[in-house]
Structures are given as structure tokens and as C-alpha cells.
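A.B. asks: here is my input, please return the structure:
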Amino acid sequence: MEHTANTAAAERRASAAGVSRDFAGLDDLSTLIGAAEYGFSLLFGGDCTIQLTVEVDDDLIGGGGVLPRATLDEAVGAGLAGTPSAEVVLVRPGILLAPESATGDCRAWIQFPTPRRIPVDELIVADLLAQAFAIAVDRVVALDKASVREDQLRAAIRSHEVVGQAVGILLERHRLTPAEAFQRLRAASQNRNIKLIEIARRVIETGVEPDVA
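C.D. replies: A predicted model of the protein is given here:
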């Protein structure tokens, strides 16, 4: 019986290690959290809840397992609010893992079906899985930041092209200098409380003057 239990535990550890390898191929935060919850549940044979808060460009975002405290079961809330422990002697209701992340606060609480001890080998695999999760979170958040920056750059380039076309129209129409044409667009934008790119787009599409576009 003990041999069977040990074999099952070893199989769970191997499967959880496989989940950690899968983290490298995930680039979506919600999917990553779901995979981590599955991995921790698989390893410990319990229910996993992940609480994750990361900051991207000053906006707090969350995915998959991020839950408002009010919706958490009392035992789960207490577990997530606790302190990680490497204790292997005491019987406990679950385990809290809080891997180090450069981009936010990662916490995973695994509630056991019945309180039990946690062997050292299980703790080692759990720590490795938790740290792999944190590293994956940092990677995905970095990808998100890069994507935001790239989108902003593309938008800026598009805006510059549109404004440049409108400036060119005013140059040809009124024999203005580029600075004077741009100032006309800018003044119309400020006076009418309309974005500069919108004024420029209207000049291009309708041919009217900036102050009435």
C-alpha cells in the first residue's frame, strides 16, 4: 500500500515538473495562471487558488486566478494571507507558496482534502514549480510591456504621417512654411478642443481649413 502511495506521489511530481516546462511556451497571463493552478493541484492533490497582482505601465492588471478577497472561502483567504513555511513535521490544512517575482506579488494556496504532512521531496518540487511560475509571469509581463510600447510607437508614426499630409496640403494651398502650417493645425486643435490628429484627418479628407474642419 505504501509502495503504491509512493509511486502515485512520484508520478504526480513528474507530471507537475512537466507542467513547469510548459510555462515556457505560454504567453498569455490567464492561460499561465490556469496552468499553474493545474500544476499545483496535480502535485498536492488539492484545490489551488492563485492570487496575482502585477503592474504594467502603472495599471494594475490581473488574470485567471485573481479573486477579490470577498469572494474567497474563509480558509482560502486565510491561507493566502499567511506566511510560507517549510515545516515538514506538522499536519497542516494546505500550503502557501509565494515565489519571488520582479513584476508583482505571486501567491498560491493549495487546500488539501484532509490535513496532512508535506514531505521534503514534495516541498522541493513545489518550490521549483512556484519559481518557474514566477519567472514565466515576469516574462509574460515583459512581453505585454513591449507590446504596449510597440503599439504606442506605431500609433505615433501613423499620427505623424497624417499630420505631415495635412501640413503638406496647407503648404501648397497657402504657401506657408512647415512651421506656420503646423501652427495653424495646432491652434485649431487647441481652440476647438479637438485632437491634433483629428483636425489633420479632417483637413485631408474634406479639404476644409483647420479652423472649420
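A.B. asks: going forward, measure contacts between C-alpha atoms and count neighbours the same way
C.D. replies: Fine.
A.B. asks: tell me where the chain has strands.
C.D. replies: Along the chain, counting by DSSP state E, strands occupy 47-56, 59-61, 92-97, 104-116.
A.B. asks: give me the contacts around the longest one.
C.D. replies: Counting by Cα atoms under 8 Å, 6 or more residues apart in numbering, the neighbours of strand 104-116 from elsewhere in the structure are 37, 40-41, 44-55, 76, 79-80, 90-100, 134.
A.B. asks: now do the buried residues in that strand.
C.D. replies: Counting neighbours by 16 or more other Cα atoms under 10 Å, one finds that the buried residues in strand 104-116 are 104, 106-112.
A.B. asks: about what we covered before: closest to residue 191 out of the strands of the chain?
C.D. replies: strand 59-61 (31.5 Å; Cα to Cα).
A.B. asks: what's the pLDDT at residue 112?
C.D. replies: Note for residue 112: predicted pLDDT of 94.
A.B. asks: where do the helices sit along the chain?
C.D. replies: 2-22, 29-44, 74-80, 120-174, 178-192, 196-206 (DSSP state H).
A.B. asks: show me what the second one is packed against.
C.D. replies: On a contact count with 3 or more Cα pairs under 8 Å, 6 or more residues apart in numbering; DSSP states H and E, helix 29-44 meets helix 2-22, strand 47-56, strand 104-116, helix 120-174.
A.B. asks: any idea which of the buried residues of strand 104-116 is closest to residue 186?
C.D. replies: residue 104 (40.6 Å).
A.B. asks: closest to residue 211 out of the helices and strands packed on helix 29-44?
C.D. replies: Nearest of the helices and strands packed on helix 29-44 (Cα to Cα): helix 120-174, 12.2 Å.
A.B. asks: turn the strands of the chain into JSON lines, including distance to residue 128.
C.D. replies: Shown next, in JSON lines, are those (distance: least, Cα to Cα, whole Å):
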{"stretch": "strand 47-56", "distance to residue 128": "16"}
{"stretch": "strand 59-61", "distance to residue 128": "25"}
{"stretch": "strand 92-97", "distance to residue 128": "10"}
{"stretch": "strand 104-116", "distance to residue 128": "13"}
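A.B. asks: least confident of those strands, on average?
C.D. replies: Across the strands of the chain, the lowest-scoring stretch is strand 59-61, with a mean of 38.
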